[in-house]
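Visitor: Give me the fold of what follows.
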Amino acid sequence: MSVVTGVPSSEAAPWGTGPVPCRIGGEWVVPAGGGRVQVENPATGRPLAELAYGGAGEAVDAADAAAAAFDAWSTRPARERGDLLRRAADLLDERRATIGALLAADAGKRRSEAEGEVHFSAEFLRWFADAVRQPAGSVLRSEQPGRHQVTFTRAAGVAVCLTPWNFPMSILARKVAPALAAGCTVVARASERAPLAAVELARALVDAGLPPGVLNLVHGPASVQSEALLAHPAVRVVSFTGSTGVGQRIMALSAPRVVRCVLELGGDAPFLVFADADLDAAVAGLLVAKFRNNGQSCIGANRVFVERPALDPFLERLGAAVAAMTVGDPLGEGDVDLGPLITPDRVTEVDAMVEEGRGGGGRVLASSGELPTAGYWSRPAFVVEPPPTSALATTEVFGPAAGVFAFDDEDEVVARANATELGLAGYAYTRDVRRAWRMGERLEVGILGINDPVPPTAFATLGGVKQSGIGREGGATGLEEFEEWHYVSFGA
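Guide: As a prediction, this is how the structure comes out:
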């Protein structure tokens, strides 16, 4: 591999004329003889940057570097690890506008969402910087004279963090922050579709003083590098966010060495609107829960259920709101409500779902503005009562469309909401406190927003049930995923 002279900078042209490098050991490197992958701006379809692609060799080199750095990092005082994370968080906030522009360019995010994601990433670093300073373990009350028992935690080992393109900085920060706080060293692989902010997260940590080898970032074919990393003898934890199918493959690769898996997988989030809800708030919340990140979110509202007495007034409000939405380049002139989808394939799939719903007799509520001619665009749309066997009723959409369905009572809608093998997130709008508690108990989801379209926070435990994953991220539980519990008994 060749070492890049100078440190990548997020100012103007981030990597000059050269490819976006990997971070292995203490160096920014371009794999010797490696391939190149074009990073596109989905709003224009034009190349944005060139990514230096490696392979299994780079993955092994990164894991070797992480293993070599583990002892020194894991035994460093927790306060020092936390102080470094805080310095990196401050750097992210200082660079928020510039990194936000990169996120808007390579992931197609609206500018306000992109800058918000940078700040959210910083909040993960800050929260885990504080969490790692809290007591962990206990001295047990002895039941025999002269004997004493204690429990304590220590870092699990090298952690592998595999992240998607839709929230490329905050999802990586949600994994890297607790791993580093716990004392693990890390090998991360970011999606080639939107890798630029991931490199900026690594750069902030390096600039904050992270020692060589503690965080490594590789680019390359996902299956090749995942196989190499999960076979490495130093790797003890893998944290993955992505589709359920790929998550199943990660579990299979982890089984031979019994590597701990933390998996956040696909979602099919129900959005329930009861007749007693504040309908204006419910419509506003649905627009956020559905169209956040242009509809490309695992926790995005996927199936909308409205209690029949509220259906007509709800649809009247929703139709007016969607018709007024603007679609356009997040970095263009003026604000937009929706940016592009990540690839043309996404556009084809989402548009086909809408047309299937329309062809089956569904009524379409859609925006009325013109779509840009270049880039990858799909019109935001809701289809009222598409066929029950249609994709809008049975499939994770992952785009700016959803089906809207009427229901008659609470038992019916709970059964329909739970009629899926996925259970990542859900939403319910109601003014009835008792019903709100019942939804928390009855809906088979790991994350529930009651009158709240954006439930995730850095200090809360996040994760799915059923085929939406295992393990948890965020909060104190997220820290424990990267720690091992130890028990010691002292004899008389």
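
Visitor: For the spatially closest residue to Gly54 that is not a sequence neighbour, grab phi and psi.
Guide: Distances taken as CB to CB, 6 or more residues apart in numbering put Pro31 closest to Gly54, at 3.8 Å, once the chain neighbours are dropped. Placement of C-beta: from N, CA and C, glycine included. Per-residue torsions, Pro31: phi -60, psi 130 (degrees, to the nearest 10).

Visitor: Likewise for the one 5 residues further on?
Guide: For Arg36, the backbone dihedrals (degrees, to the nearest 10) come out as phi -130, psi 140.

Visitor: Does it touch Ala52 like I think?
Guide: Yes: in terms of CB atoms under 8 Å, Arg36 counts as a neighbour of Ala52; the distance is 6.8 Å.

Visitor: Which residues are in contact with each of those two?
Guide: Jointly contacting Arg36 and Ala52 under the rule CB atoms under 8 Å, 6 or more residues apart in numbering are Pro19.

Visitor: Quick check: what element follows the least confident helix or strand in the chain by mean pLDDT along the chain?
Guide: Across the helices and strands of the chain, mean confidence by mean pLDDT, DSSP states H and E is lowest for strand 2-3: a mean of 50. Using DSSP states H and E, the helix or strand that directly follows strand 2-3 along the chain is strand 22-24.

Visitor: For that next one, which helices and strands make contact with it?
Guide: Contact analysis of strand 22-24 by 3 or more CB pairs under 8 Å, 6 or more residues apart in numbering; DSSP states H and E lists strand 27-30, helix 56-74, helix 196-207, strand 215-218 as its packing neighbours.

Visitor: Compare these and give me the one nearest Gly426.
Guide: Closest to Gly426 of the helices and strands packed on strand 22-24, according to CB to CB: helix 196-207, at 28.1 Å.

Visitor: So for the closest one, mean pLDDT?
Guide: What helix 196-207 shows for mean pLDDT is 97.

Visitor: Neighbour count for Arg36 and Ala52, which is higher?
Guide: Between Arg36 and Ala52, counting by other CB atoms under 10 Å, Ala52 is the more crowded of the two (25 against 11).

Visitor: nearest residue to the more buried one other than its sequence neighbours?
Guide: Pro19 (3.9 Å).

Visitor: Correct me if wrong: that neighbour contacts Gly35.
Guide: No: using CB under 8 Å as the test, Pro19 is too far from Gly35 to be in contact (9.8 Å).

Visitor: So for these two, which residue has more residues nearby?
Guide: Pro19 (21 against 14).

Visitor: mind checking pLDDT for Pro8?
Guide: Reported pLDDT at Pro8 in the predicted model: 44.

Visitor: er, Glu11 I mean
Guide: Per-residue confidence at Glu11 stands at 38 (pLDDT).

Visitor: And for Leu91?
Guide: 98.

Visitor: What residues does it make contact with?
Guide: Leu91 neighbours (CB under 8 Å, 6+ apart): Ala204, Asp207, Ala208.

Visitor: give me that answer again for 6 Å
Guide: When contacts are counted by CB atoms under 6 Å, 6 or more residues apart in numbering, Leu91 touches Ala204, Asp207.

Visitor: change the start of the numbering to 5 and stick with it
Guide: Renumbered: residue one is now 5, and that last one reads Leu95.

Visitor: In what element of secondary structure is it found?
Guide: helix 82-98.

Visitor: CA-only coordinates of that helix, as PDB, when you get a sec.
Guide: Taking Å, rounded to 0.1, in the frame of the first residue of the first chain, the C-alpha atoms of helix 82-98 are listed here in PDB:
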ATOM      1  CA  ALA A  82     -11.400   5.500  31.000                       C
ATOM      2  CA  ARG A  83     -11.300   9.200  31.700                       C
ATOM      3  CA  GLU A  84      -8.600   9.700  29.100                       C
ATOM      4  CA  ARG A  85     -10.500   7.700  26.500                       C
ATOM      5  CA  GLY A  86     -13.600   9.800  27.300                       C
ATOM      6  CA  ASP A  87     -11.700  13.100  27.100                       C
ATOM      7  CA  LEU A  88     -10.500  12.100  23.600                       C
ATOM      8  CA  LEU A  89     -14.000  11.400  22.500                       C
ATOM      9  CA  ARG A  90     -15.100  14.700  23.700                       C
ATOM     10  CA  ARG A  91     -12.400  16.500  21.800                       C
ATOM     11  CA  ALA A  92     -13.400  14.700  18.600                       C
ATOM     12  CA  ALA A  93     -17.100  15.700  19.300                       C
ATOM     13  CA  ASP A  94     -16.100  19.300  19.500                       C
ATOM     14  CA  LEU A  95     -14.200  19.000  16.200                       C
ATOM     15  CA  LEU A  96     -17.300  17.500  14.500                       C
ATOM     16  CA  ASP A  97     -19.400  20.400  15.700                       C
ATOM     17  CA  GLU A  98     -16.800  22.900  14.500                       C
END
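
Visitor: If you count neighbours, what's buried in that helix?
Guide: Ala82, Arg85, Gly86, Leu88, Leu89, Arg90, Arg91, Ala92, Ala93, Leu95, Leu96, Asp97 (16 or more other CB atoms under 10 Å).

Visitor: Can you report how many residues lie near the closest residue to Pro390 other than its chain neighbours?
Guide: Nearest residue to Pro390, sequence neighbours excluded (CB to CB, 6+ apart): Gly361, at 3.2 Å. Residues lying near Gly361 (other CB under 10 Å) number 27.

Visitor: what's the pLDDT at Gly361?
Guide: Among the per-residue scores, Gly361 shows a pLDDT of 97.

Visitor: Surely it is in a strand?
Guide: No: counting by DSSP: H, G, I helix; E, B strand; the rest coil, Gly361 is not found in a strand; it is helix.

Visitor: Which positions in the helix or strand that contains Arg253 come out as buried?
Guide: Assigned by DSSP H and E, Arg253 belongs to helix 248-258. Burial within helix 248-258, assessed by neighbour count using 16+ other CB under 10 Å, is assigned to Thr248, Val250, Gly251, Arg253, Ile254, Leu257, Ser258.

Visitor: Then stretch 475-495?
Guide: For stretch 475-495, the buried set under the neighbour-count rule, 16+ other CB under 10 Å, comprises Gly475, Arg476, Glu477, Gly478, Gly479, Ala480, Gly482, Leu483, Glu484, Glu485, Phe486, Glu487.

Visitor: The second one and Thr465 touch, don't they?
Guide: The reference is to Arg476. Yes: between Arg476 and Thr465 there is a contact under CB atoms under 6 Å: 4.7 Å.

Visitor: check contacts around the spatially most central residue of the chain.
Guide: Closest residue to the average C-alpha location of the chain: Ile175 at 3.8 Å, with CA atoms, centre = their mean. With contact taken as CB under 6 Å, 6+ apart, Ile175 is in contact with Thr167, Thr245.

Visitor: Could you verify that it is part of a strand?
Guide: No: applying three-state DSSP, one finds Ile175 to be helix, outside a strand.

Visitor: Could you check stretch 214-224 and say which residues are buried?
Guide: Within stretch 214-224, the residues that count as buried by 16+ other CB under 10 Å are Leu214, Gly217, Val218, Leu219, Asn220, Leu221, Val222, His223, Gly224.

Visitor: All good on my end, thank you.
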